[in-house]
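Student: Next comes the sequence, and after it the predicted model I'd like to discuss.
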Amino acid sequence: MMEQLEDLQRSYVSCCFGRSNWLAHAIYTWKIALDHGRAYKLAMGVLCSLSAVDSYYSIYDFKAVDVMLQLYTVILDDKLFENEDSQYFKYGLVAYLDTRLFIDMNEVFDSKLFNNLHKKLLTMMHGMNFEQWLMRSMMLCNKTTSPSRRAALSSVAVVLISKYTNISQMAWNAILSFLLSEENASGASSNVSKMDMLGETIAQNKSVLWRNFIADHSFDSVSIFKLCINSLKIFFSWDCRRAFLDLLLAVLRKVPISWMIEQSIEVVLAVASEEKKTLNYISVINDVLAICTLECTLRTQGVDKIALETVEKLCGESEQNVQIAVVLSDAFYQAKEFLCTAWFPLLIKMCAFGPVCKKDTAVLNLAVQMAYAMEKSLPTANYEKLHECAQYSRLRALQTVSWISKNRCGSADKFIQEAFVMMETLDASKNKSFGMSLAHRKKTRLSQLLLLIYGFASREILEKLELFCIKCLKDPVQQPSIRLLVSWILVRLYCNNEDAFQKFIGIEKELAAARIGSISSWIAILLHVTKINRTDAAFTQCFTLFHPWCTAQNFTVRCTSLAALKLLWNIVGNKLRDQFHYLRCIIEFDAEKAGNTKRIIDRLCNDFYFAYLDENADYSLETVLTILPEKVGLTAQDTITSHLLKYISMDDFACVRSDSSNLSQYPSFVFGQTQVQRHQQIHEPDGLSDISVIQRKFNAVSVNRALLEGVSLIVVASLLDKAANLGGICRTCEVLGVEKLIVADLAKIKDRDFMALSMSSENWMNLEESRPEELPNLLLSFRNSGYVIIGAEQTTNSTPLHKIRFPSKMVLLLGNEKEGIPMHLLGYLDKTVEVLQIGHTRSLNVHVTGALLIYRFFEEFIATKT
């Protein structure tokens, strides 16, 4: 095989030059050589034969050489050139470049060939004195008027100037002479000619050379600024625009003049508008933000307002394009030293950033996440990772706010006040009481911010923060995630302020009068402060305060106080146990085997927050931003993953980045469950039935109901539009013993199509009415009553019907005939179930799907008991 390859190498030149289809021969030859691991040696042999300085072979056609050199630039492994031919090969490359770049100038400049080959070769060459080539290219360029040659020679100069730091004054004079020369103007046209393209290439090269020149030389800033502005208006190729945008930014950084900045914002925004539907849009937006956050911009009266208005508009646009949020948050951090208080509301808004994803966006994010999980060679820019854009933007904004709060006195006070204002606005929204609503999620993010920066605030603001947290505990519509975070803040405040802690203990009755459930938070706060301080006086006080609440009528408060006593009992010494010996029988009571009290107390004693969270030791970014959102059942968009935390500076925060994940191993039974936990419960019906019967209203529908205690199926069909489907569902529900059927409009049971399929089943079926817009509240009420919410929908994580084990108490939500279950309701589901299909039809009729799921429940729980 080696001999065949050597023969192939010797015959390659004649094959390529002797046939018209030389390119095909080159490609096939390369493929054969690649298959046998000899491609690089083959390329070297051919090139040495063709282009060595002492070669006897004259080259009249460079096409074959160009092809082979392009293949060479792909391999790039100098270790294979370790024989005596390697030096000849390098000489051959120099001779080739000298010929192609300076002597063989008859052809029209091919920018594609230059970028794909000659530019790469120039960049690869080491140890050669190419400053002479730089001088030569500029001198030849100044002597010719041919646009093609000027484009070619200036392109060479652009590549070479990037390789040197100490350029002679003579070379700079030649470069300046080229820069000041005038070109034949080529008007902008939709049909761009070859001359126009050459003109853009020359202009682009000049912009790069200007950028290098102004770095170390004085220059006429106004003239170059006008050149940039005019060029951005008349040139439309992205490479050319990119070069002039870079030059414009370089000019503004060197000579920041207010009128230049104002005009630059206007022009670059116009460029962004033209590039909006291209991949270059985010790059231009980044330039807009770079101009708006220049130190001169932020410190010049009048211009700063224009910049702020521009950024506010971009911030609003980021709700539809999360990539903008990424570059926006990065720009804020870069300009953190110069941002005045007028920018603080925007920073607070970014700390709560995270729009609700539509179904198609959620699918796209999932696809991108899967792609990044499988491939390592994907783009590394943060704005390219669509599935992490919202989380990264929020983390970067938190970092900026924390840095400003830490390094600028009084800033934390203003940030906290702005957070209060935004929270009040969110509390005024209609859906504030709905779990997983946008208002709930934003308030959770703002509560995380308060927890991270409160340590930089003044005493006056801390007093207001304490009152705000207590107000949240009293508020009946605040979600558990918010109550947990404000409780954490209060614990940390009271650990360092005994007087405030004693005052908080004294508002026990006030809390109970406002909302009896707030006593559970009160008990938890006292428990955690006592566990941190660990003094006998604190233990004694807790035993005395918690004991009466063990007799409370409210079930949750009663269980919480008993669990708190049990946890403290395991900590205190024998002396205190003897002093409170009468509590032992209450704590160790175990006679009620069938009740829920013991099970719930045990779960509280193993809860990640109630039992294991240490507000001081666990005060870390990982706990606040990663573990806590997961434990309270928030979405992936609300969870900032651990790998994102590794890319930020911990010096900007008051807390630390903990690598410990001990808390993640403990379950959360108090503040909601993650989708994973609910998924596990669905597959463990015994465990589910243990915790599902807390309070249930018994509703006798028929005599057989007496045999079905603890079994309940409620079907929610409020999303169905067709009366015929509702009639069929009603009939199925009545026949198979469904406890209740909920529809959008009870008037539909009089519809002729409904009655045609219901067969009078509506006369015996327990029917209720609930409009589609009322479903979030309805589903939450069912969940609070111990039901597991199941949706009949095809999603990315649906469980096939034949593999699932239903819980004994369940709500079945059926989707609309056309749209299925809306995106905003998927977050209220504990699990989605689909019927496995092998045919080509998209899905089953909703009535048929519902009947299959209802019968599966009937078969598992009702048929065996009747």
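Tutor: Alright, I've got the coordinates. Numbering: from 1, shown residues only.
Student: Which of the three states applies to residue 379?
Tutor: coil (DSSP: H, G, I helix; E, B strand; the rest coil).
Student: again, but for residue 768
Tutor: Three-state assignment for residue 768 (three-state DSSP): strand.
Student: Tell me if I'm right that it and residue 744 touch.
Tutor: No. Using Cβ atoms under 8 Å as the test, residue 768 is too far from residue 744 to be in contact (10.7 Å). (Each C-beta comes from the backbone N, C-alpha and C, glycine too.)
Student: Which one of the two is surrounded by more residues?
Tutor: Neighbour count, other Cβ atoms under 10 Å: between residue 768 and residue 744, residue 744 has more, with 20 against 13.
Student: Quick check on the more buried one: phi, psi?
Tutor: phi -80, psi -30 (degrees, to the nearest 10).
Student: so it sits right up against residue 719, yeah?
Tutor: Yes. The pair residue 744 and residue 719 passes the contact test of Cβ under 8 Å, sitting 7.5 Å apart.
Student: Please pull out the lowest mean pLDDT helix or strand from this structure.
Tutor: helix 685-692 (a mean of 35; mean pLDDT, DSSP states H and E).
Student: Please enumerate residues in contact with the helix or strand following that helix?
Tutor: Going down the chain from helix 685-692, the next helix or strand is strand 712-716, by DSSP states H and E. By Cβ atoms under 8 Å, 6 or more residues apart in numbering, the residues outside strand 712-716 that reach it are 696, 729, 733, 737-742, 770, 775, 778-779, 782, 787, 808-814, 850, 854, 857, 861.
Student: out of everything not next to it in sequence, what's closest to the residue nearest the centre of the chain?
Tutor: Taking Cα atoms, centre = their mean, the centroid of the chain lies closest to residue 388, which sits 2.0 Å from it. With Cβ to Cβ, 6 or more residues apart in numbering as the criterion, residue 388 has its nearest non-adjacent residue at 6.6 Å, and that residue is residue 644.
Student: Give me the buried entries from the contacts of strand 712-716.
Tutor: 729, 733, 737-742, 770, 775, 778-779, 782, 787, 808-814, 850, 854, 857, 861 (16 or more other Cβ atoms under 10 Å).
Student: Which ones among those map onto helices?
Tutor: 729, 733, 775, 778, 779, 782, 850, 854, 857 (DSSP state H).
Student: how about JSON lines for the residues you listed, with pLDDT and distance to residue 235 added?
Tutor: JSON lines is the format used below for those (pLDDT from 0 to 100; distance: Cβ to Cβ, whole Å):
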{"residue": "729", "pLDDT": "95", "distance to residue 235": "64"}
{"residue": "733", "pLDDT": "94", "distance to residue 235": "68"}
{"residue": "775", "pLDDT": "94", "distance to residue 235": "55"}
{"residue": "778", "pLDDT": "93", "distance to residue 235": "59"}
{"residue": "779", "pLDDT": "93", "distance to residue 235": "57"}
{"residue": "782", "pLDDT": "92", "distance to residue 235": "62"}
{"residue": "850", "pLDDT": "94", "distance to residue 235": "61"}
{"residue": "854", "pLDDT": "95", "distance to residue 235": "66"}
{"residue": "857", "pLDDT": "93", "distance to residue 235": "67"}
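Student: quick one, helices of the stretch 451-600 of the chain?
Tutor: 459-474, 480-495, 498-506, 508-514, 518-533, 536-549, 555-569, 574-579, 584-587, 597-604 (DSSP state H, counting those that start in this stretch).
Student: closest to residue 66 out of those helices?
Tutor: In terms of Cβ to Cβ, the element of the helices of the stretch 451-600 of the chain nearest to residue 66 is helix 480-495, at 62.9 Å.
Student: what packs against that closest one?
Tutor: helix 438-453, helix 459-474, helix 498-506, helix 518-533, helix 628-631 (3 or more Cβ pairs under 8 Å, 6 or more residues apart in numbering; DSSP states H and E).
Student: Going by mean pLDDT, which of those comes out lowest?
Tutor: Sorting the helices and strands packed on helix 480-495 by mean pLDDT places helix 628-631 lowest, at a mean of 90.
Student: biggest helix in the protein, by residue count?
Tutor: helix 194-214.
Student: Okay, buried residues for it please.
Tutor: For helix 194-214, using 16+ other Cβ under 10 Å, the buried residues are 196-214.
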